[in-house]
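In: take a look and give me a structure for this.
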Amino acid sequence: MRFALLKRICLFFQAFIRSGADAKDPKYRLGVGIVLVNKGGKIFVGKRINKKHSQWQMPQGGVDFYSQKPEPFAQAAWRELWEEVGVKNQCQLVARTKNAYRYDFPYFNLWKLRFKGQKQVWYGFIFLGSDKDINLEATDYPEFGSWKWIERQELMSSCAFFKHSLYTKVLEELWPFITDALHSKNFLNPFDGKEPVCSEKS
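Out: Numbers count the residues shown, from 1 in each chain. The predicted model follows:
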């Protein structure tokens with residue numbers, strides 16, 4: 001138990017060091033979020049591992065910075081999809097938000113030593129595999145301890161209160177593209193492929 005705790009603390013500080021912010025918004029950690037929807041139109045949510053009061057949430061994570069250069073947003077989204085859900089080849093990218101969305105941390109945590117909250121670009125994916133393909137332990141350091149598919153209308157009653165506004169805005173923007181993709185035989189990428197420009201690490 002003690003070794004597992006030390007390992008998680010070490011992993012946190014590794015992520016802390018790799019994280020960065022947009023120079024114009026230095027109080028917010030730059031990251032990505034993922035709306036993963038199955039063929040039945042249900043949304044993937046998970047609960048963080050080893051947290052007593054963890055609530056359901058969609059996958060998300062920080063953009064890594066190396067040598068002051070940020071990881072491309074799309075690359076970060078695919079990486080987080082693999083690290084948190086254990087899938088990649090079974091998914092089709094269909095949408096990306098035009099802008100980044102912010103939310104504030106509602107209470108003190110270690111991230112608040114550096115950031116006020118998070119600023120995220122969100123991606124919409126269609127999951128084409130089967131439930132047995134989902135593997136929360138695909139990496140040595142799993143993020144989620146449990147998962148499920150929920151209807152869109154269930155999301156707000158399941159997620160943390162401070163993400164209600166964020167999730168509402170993200171789904172308003174991405175859901176029409178996701179719905180179109182679900183009803184199309186040929187999934188089309190509705191954006192031009194250009195990634196949002198991120199300033200250097202602050």
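In: and the longest helix anywhere in the chain, what other elements does it pack with?
Out: In the chain, taking DSSP state H as the definition, the longest helix is helix 164-182. On a contact count with 3 or more CB pairs under 8 Å, 6 or more residues apart in numbering; DSSP states H and E, helix 164-182 meets strand 28-38, strand 91-96, strand 101-104, strand 117-127, helix 155-158. Where you see a C-beta, it was placed from the backbone N, CA and C, and this is true even at glycine.
In: extract the C-alpha set from it and format it as CSV.
Out: Extracted C-alpha coordinates of helix 164-182, given in CSV (Å, rounded to 0.1, in the frame of the first residue of the first chain):
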residue,chain,number,x,y,z
HIS,A,164,-21.6,20.9,-15.6
SER,A,165,-20.9,24.1,-17.5
LEU,A,166,-17.9,22.6,-19.3
TYR,A,167,-19.7,19.5,-20.3
THR,A,168,-22.7,21.4,-21.5
LYS,A,169,-20.7,23.6,-23.8
VAL,A,170,-18.6,20.8,-25.1
LEU,A,171,-21.6,18.6,-26.0
GLU,A,172,-23.4,21.5,-27.6
GLU,A,173,-20.5,22.0,-30.0
LEU,A,174,-19.5,18.3,-30.6
TRP,A,175,-22.8,16.4,-30.4
PRO,A,176,-24.2,17.4,-33.8
PHE,A,177,-21.0,16.1,-35.5
ILE,A,178,-21.1,12.9,-33.4
THR,A,179,-24.7,12.3,-34.3
ASP,A,180,-24.1,12.9,-38.0
ALA,A,181,-21.2,10.4,-37.8
LEU,A,182,-23.3,7.8,-36.1
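In: list the buried residues for that helix?
Out: 166-167, 170-171, 173-175, 177-178, 181 (16 or more other CB atoms under 10 Å).
In: same question, stretch 125-139
Out: Neighbour count says stretch 125-139 has 125-127, 134, 136 buried, by 16+ other CB under 10 Å.
In: what's the burial count for Pro78?
Out: Careful, residue 78 is Trp and not Pro. 18 (other CB atoms under 10 Å).
In: for the residue positioned nearest the centre of the chain, what are its contacts?
Out: Nearest residue to the geometric centre of the chain (CA atoms, centre = their mean): Gln60, 1.8 Å. By CB atoms under 8 Å, 6 or more residues apart in numbering, the residues touching Gln60 are 31-34, 80, 118, 120.
In: noted, bye for now.
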